[in-house]
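# Requesting a structural model of the entry that follows:
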Amino acid sequence: MLNLPIQHKLGGFYFFYYAIVGTFMPFWNLYLEDQGFNYQEIGILASIAIITRFFAPFIWGWIADKSGKRMLLVRIATWMESCIWLLIFIIPNDFQSIALLMLIFSFFQNAILAQFEGVTLFWLGDQRAELYGKVRKWGSIGFIAGVFCIGALLEIIPISMLPMLLLCIAFLAFIWSFSIKEPSSAPLSQKQLEPLLPILKRPVVACFFSIEFILLFSHAPFYSFYSNYLHQAGYSTSRIGLLWSVGVIAEIIMFAYANLFLQRFSWRILVCACLLLTGLRWVIAGAYPQVFALQFAAQTIHAFSFGLFHMIAMRIIFQNFSAGQQGRGQALYSTMWGLGVASGSMLAGHYWDQLSGGSIFILAGISTLAGLFFIAGLPKDMQAEYGAGA
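This is a model prediction of the structure:
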């Protein structure tokens, strides 16, 4: 199926996967608001959509490392996603039904990226340091296609049609997944899995994942309420989509040039920069909601908030976790993402009306400073290119 180089096939799947994310993330909460849910309910539903990252990634990571069938899991998950969006049109759109669908959707959604990151790194082999950013940028392009095109489309069609759009994109991802075979370099089924505890005790690993939790905790108001926040400030869906796209364009640029930073600075310096710049981003977002130019500028910091931080994460995971531990290593990265965003979303939703959206964003910016306490655990010297795992 599809006579394309493997990096193009991998890039194509990232495109469709992130087109789903780019359609869901900016507009789902607007859909919920249109369906009559209040902000506290939206906050709970947003956290449910993420809360399965507490346990789902480890379940999928354990299955992947045990079976060696990573792409099979990706196909099952994308098929289930398609079914979930179809069910939106069949069952009543009350709180309990949507909560259940979000729980099932996120359980399978969390199966996809962690395992596909492992598939990509195995397929790229010795060229992963050179090619990973070039392949991964297609996910960012897919996100832009989703957020910008859907934002414009929702100016024409009612937002109640959002689940149908998600259904179409999820089904395309499912079809495309059949173009990618299991990587031959990945370990096959394992009777006895290598233990993770010795790896988790390494200072670089423990401190990095602690920082990831704090950084993603600060992202919670953005991921859960940024679109609603801008909508309250008078922005149209196309303008909201444009601002989301700006962040992802900055991310693409970072993926293209991240090696310039990684070759010149230590992880300690780069992660410190990511924390401080992310804090600045949320303070600007909270203090100046009406000033489009400042919101635009704040969104460009996504290059560091996510782009550079993600590149460092992939290096840390591939250097410290062996080939047989990659499924669970990627799962841990997803789990900490979920813990941070879900806990932050519940707090932000609870206090949104009491403190105002602007205050929530400013507090999120201040919270990133807590990550600086863990910086000392990261290496202060330059890091070598990725190896094949520790």
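# Settle this for me: Val21 is touching Ala145, isn't it.
No. Between Val21 and Ala145 there is no contact under C-beta atoms under 8 Å: 11.1 Å. All C-beta spots, glycine's among them, are computed from the backbone N, C-alpha and C.
# Stretch 33-50: how far from the chain's middle?
On the basis of C-alpha atoms, centre = their mean, to the nearest Å, the separation between the geometric centre of stretch 33-50 and that of its chain is 19 Å.
# which residues sit against it?
Under the criterion C-beta atoms under 8 Å, 6 or more residues apart in numbering, residues 28-29, 32, 93, 95, 98-99, 102-103, 105-106, 158-160, 223-225, 228, 231, 337-338, 341-343, 345-346, 348-350, 352-353 lie in contact with stretch 33-50.
# could you flag which of those are buried?
Neighbour-count burial (16 or more other C-beta atoms under 10 Å) applied to the contacts of stretch 33-50 gives 28-29, 32, 93, 95, 98, 102-103, 105-106, 159, 223-225, 228, 231, 337-338, 341-343, 345-346, 348-349, 352.
# residue contacts, Tyr229?
Each residue near Tyr229 by C-beta under 8 Å, 6+ apart is listed here: Pro221, Ala285, Pro289, Gly357, Phe361.
# again, only using 6 Å
Contacts of Tyr229 were listed using C-beta atoms under 6 Å, 6 or more residues apart in numbering, and they are Gly357.
# What of Gly241?
The contact partners of Gly241, taken as C-beta under 6 Å, 6+ apart, are Val147, Phe148, Gly151.
# which non-adjacent residue is nearest it?
Closest residue to Gly241 apart from its sequence neighbours, by C-beta to C-beta, 6 or more residues apart in numbering: Gly151 at 2.3 Å.
# so that neighbour touches Ser238, yeah?
Yes. Gly151 sits in contact with Ser238 when judged by C-beta atoms under 6 Å, with a separation of 4.9 Å.
# between these two, which one's more packed in?
Under the criterion of other C-beta atoms under 10 Å, the comparison of Gly151 against Ser238 puts Gly151 first, with 24 against 15.
# Endpoint to endpoint, stretch 145-152 covers what distance?
End-to-end distance for stretch 145-152, by C-alpha to C-alpha, to the nearest Å: 11 Å.
# ok, for Glu251, nearest residue in space, not its chain neighbours?
In space, not counting the residues next to it along the chain, Glu251 is nearest to Gly307; the distance is 4.0 Å by C-beta to C-beta, 6+ apart.
# what pLDDT does that neighbour get?
Model confidence at Gly307, expressed as pLDDT, equals 91.
# burial count for it?
Neighbour count of Gly307, defined by other C-beta under 10 Å: 27.
# Kindly report the same for Pro92.
8.
# now do Gly234
Look at Gly234: counted by other C-beta under 10 Å, it has 9 neighbours.
# and it, which of the three is it?
Under the three-state scheme (DSSP: H, G, I helix; E, B strand; the rest coil), Gly234 adopts coil.
# Would you mind measuring from it to Pro289?
Counting by C-beta to C-beta, to the nearest Å, the gap from Gly234 to Pro289 is 9 Å.
# same question, Pro57
Where Pro289 is concerned, Pro57 sits at a distance of 34 Å (C-beta to C-beta).
# before we move on, back to that, of the buried ones among the contacts of stretch 33-50, which belong to strands?
Residues from the buried ones among the contacts of stretch 33-50 lying in strands, with DSSP state E as the criterion: none.
# ranges for the helices of the stretch 1-150 of the chain?
For the stretch 1-150 of the chain, the helices defined by DSSP state H, counting those that start in this stretch occupy 6-34, 39-51, 56-67, 70-87, 95-124, 128-144, 150-153.
# Switch those helices over to TSV; also include mean pLDDT.
As requested, those are exported to TSV (pLDDT from 0 to 100):
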stretch	mean pLDDT
helix 6-34	89
helix 39-51	77
helix 56-67	77
helix 70-87	90
helix 95-124	83
helix 128-144	83
helix 150-153	84
